[in-house]
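# Take a look and give me a structure for this.
(2 chains)
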Amino acid sequence: MRLEHPAVVRLSHWAAAIAVVVLVMSGLEIFAAFPSFGSKVPQRDLLALPEAVRLGGWLGGALQWHMTFAALLVAIGSIYAVYQAGSGNYRQVLFAGRDVPGLRPMVRHYLLRGPKPTEGGTYNPLQKLAYTAVLGLGVVLAVTGAALYKPVQFAWLVTILGGFRLVRIWHFAAMCALLAFIPGHLLMVGLHGWRNFASMWVGFRD
Amino acid sequence: MDADTSRRSLRRRELLKMTPLAAAGLLLNARSREWLVGSGLELGDRASALAFRSTHLAPVFAVRDVTPYERFPLNSYLVDDPEVDLDGWRLSVSGLIQRPGEYTLEALRRLPRVVQNTRHICVEGWDVIGSFGGVRIADFLAHVGADAGARFLEVRCHDDYYESVDIESARHRQSLLCDEMYGGPLSRGHGAPLRLVMPTKLGYKQAKYLASIHVTSVLAARRGYWEDQGYGWYGGI
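Numbers count the residues shown, from 1 in each chain, chains lettered A, B, ... in the order given. This next block holds a predicted model:
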């Protein structure tokens, strides 16, 4: 029996999963208050979001959900980062230069054009790339979120990011990128079966 | 692993398993959910207030960056024009001050005048850069002899809107009692004859059609029209 996922990783994974659902849905409710990236006068709405994908009931309620779960996710992310850095376990997940040669065979395998490469660690190079990108998106979302929430106190950050309106676009685009990850992730979980899924809860596959 | 360690690790494991249950319980109970869901804004407000520096100025903009007047939105909660009697208008000032009373616009205008191009950000997410003229709230507070121990300003408006702000933000040098926009007197829609302009706060804090200012060290239960429904009270940006 080999420990695949340490407890901190498992806890932060599931806590983050819940937080991401709440943040996306409340974020869409916030966006619905001004569904545009342009001027207020004249206002050009980009999309009408169905109520089923929104959380909070109205802007004020959504802001409450959003800020609370943003704070939770930042706390979880910080614990995760400290643990990964301190334990050296980050090597398990962070994509590095040595993973590059393994990418091609893995892509070929996923496209059913090659045998399954022998796995070196818990995650294959393609997985590492995906997870590293998601972690990076988390950082982008937190930073752009802070700049949006306190654009005067973080005025320097707003300047670096290209101005207030662009910060809203970055924040939204990062959410879209994160959303793009989820279906593929769930598909892979489905394909790899129960034991793989259970391992994310108990740490082992036995 | 000896028996004792194993038992300890088992207990830790059981406790860990309880955390999702505890979290679900917090969210299912209406009262604890309200507390939990509201705590994020509360925390953000508190952090924002702690990080507030009176010397940190909001960005100011060149004339060419200012949003054209006709594209500066009118945003009211009730009516665009509460039909204020502009000729008979007085600002009623009370509370922890040495010179309470009714102040005319002329009296206000004798204080040093300020014109600034600053960004107005709505909680909804839109923003405009406006040109605002008026007098500093700090100067007015000195003029009426506000108490050094005062902590809040409560304002009431002619459209029954009400607001309150912390006195540190009110004393910020870009916080204005604004009676001019774009070089002309404030229009009725934008809050004539006097409104708050505070580029360190969200738009809903910047009350229009001012009727009275109350200086206090204890905040009333009704803190602000939108805040009482769920927006953050501090509203700092």
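# Just the pLDDT at residue 27, thanks.
As the question left the chain open, I've gone with chain A. pLDDT, A:Gly27: 98.
# That was the other one, I meant chain B.
Per-residue confidence (pLDDT) for B:Leu27: 80.
# before we move on, what about A:Gly138?
According to the prediction, A:Gly138 has pLDDT 98.
# who touches it in this structure?
A:Ala16, A:Leu73, A:Gly77, A:Leu178 (CB atoms under 8 Å, 6 or more residues apart in numbering or on different chains). To be clear about C-beta, it is placed using only N, CA and C from the backbone, and glycine gets the same treatment.
# and the helix or strand encompassing it, which residues are buried?
If you go by DSSP states H and E, A:Gly138 is part of helix A:125-149. Buried residues in helix A:125-149, defined by neighbour count with 16 or more other CB atoms under 10 Å in any protein chain shown: A:125-132, A:134-135, A:137-138, A:140-149.
# What's the PyMOL syntax to select whichever of the contacts of A:Gly138 are buried?
The PyMOL selection below is limited to those of the contacts of A:Gly138 classed as buried (16+ other CB under 10 Å):
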select buried, chain A and resi 16+73+77+178
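# Run through who's touching the helix or strand following the helix holding A:Gly138.
Where DSSP H and E defines the elements, the next helix or strand beyond helix A:125-149 is helix A:155-160. The contact list for helix A:155-160 (CB under 8 Å, 6+ apart) reads A:Val143, A:Ala146, A:Ala147, A:Pro151, A:Phe164, A:Val167, B:Ala58, B:Pro59.
# What average pLDDT does helix A:155-160 get?
Averaging pLDDT along helix A:155-160 yields 97.
# just how off-centre is it within its chain?
Centre-to-centre, helix A:155-160 and its host chain are 23 Å apart (CA atoms, centre = their mean, to the nearest Å).
# just stretch B:110-127 next, same as before
12 Å.
# List the buried residues of it.
B:111, B:114, B:116-127.
# So is that stretch next to chain A?
Yes - residues of stretch B:110-127 contacting chain A under CB under 8 Å from any CB of the partner chain: B:Arg119, B:Ile121, B:Cys122, B:Val123, B:Glu124, B:Gly125, B:Trp126, B:Asp127.
# pLDDT below threshold where in the chain?
Here I'm looking at chain A. A:1, A:206 (pLDDT under 70).
# not what I meant, chain B
Filtered on pLDDT under 70, chain B yields the residue ranges B:1-10, B:13, B:16-17.
# A:Gly61 contacts B:Gly230, correct?
Yes - the pair A:Gly61 / B:Gly230 is scored as a contact, 5.9 Å apart, by CB atoms under 8 Å.
# Now do the domain split for chain B, please.
Here the domain assignment for chain B is B:1-51, B:58-229, based on automatic domain parsing.
# Between those domains, which one is closest to A:Met25.
Closest approach to A:Met25 among the domains of chain B (CB to CB): domain B:1-51, 12.9 Å.
# That closest one and chain A, are they touching?
Yes - with CB under 8 Å from any CB as the criterion, chain A is reached by domain B:1-51 at B:16, B:19-20, B:23, B:36-41, B:43-44, B:48, B:51.
# roughly how far out does that domain sit from the chain middle?
31 Å.
# what residue lies at the spatial centre of chain B?
B:Lys205 (3.2 Å; CA atoms, centre = their mean).
# And for it, nearest residue in space, chain neighbours not counted?
Nearest in space to B:Lys205, with sequence neighbours left out and distances taken as CB to CB, 6 or more residues apart in numbering or on different chains, is B:Gly235 at 4.5 Å.
# which ones are touching the one you found?
Applying CB under 8 Å, 6+ apart, the residues near B:Gly235 are B:Asp45, B:Val123, B:Lys201, B:Leu202, B:Tyr204, B:Lys205, B:Glu227.
# If we use 10 Å, what do you get?
B:41, B:45, B:48, B:123, B:163, B:165-166, B:169, B:198, B:200-206, B:224, B:226-227 (CB atoms under 10 Å, 6 or more residues apart in numbering or on different chains).
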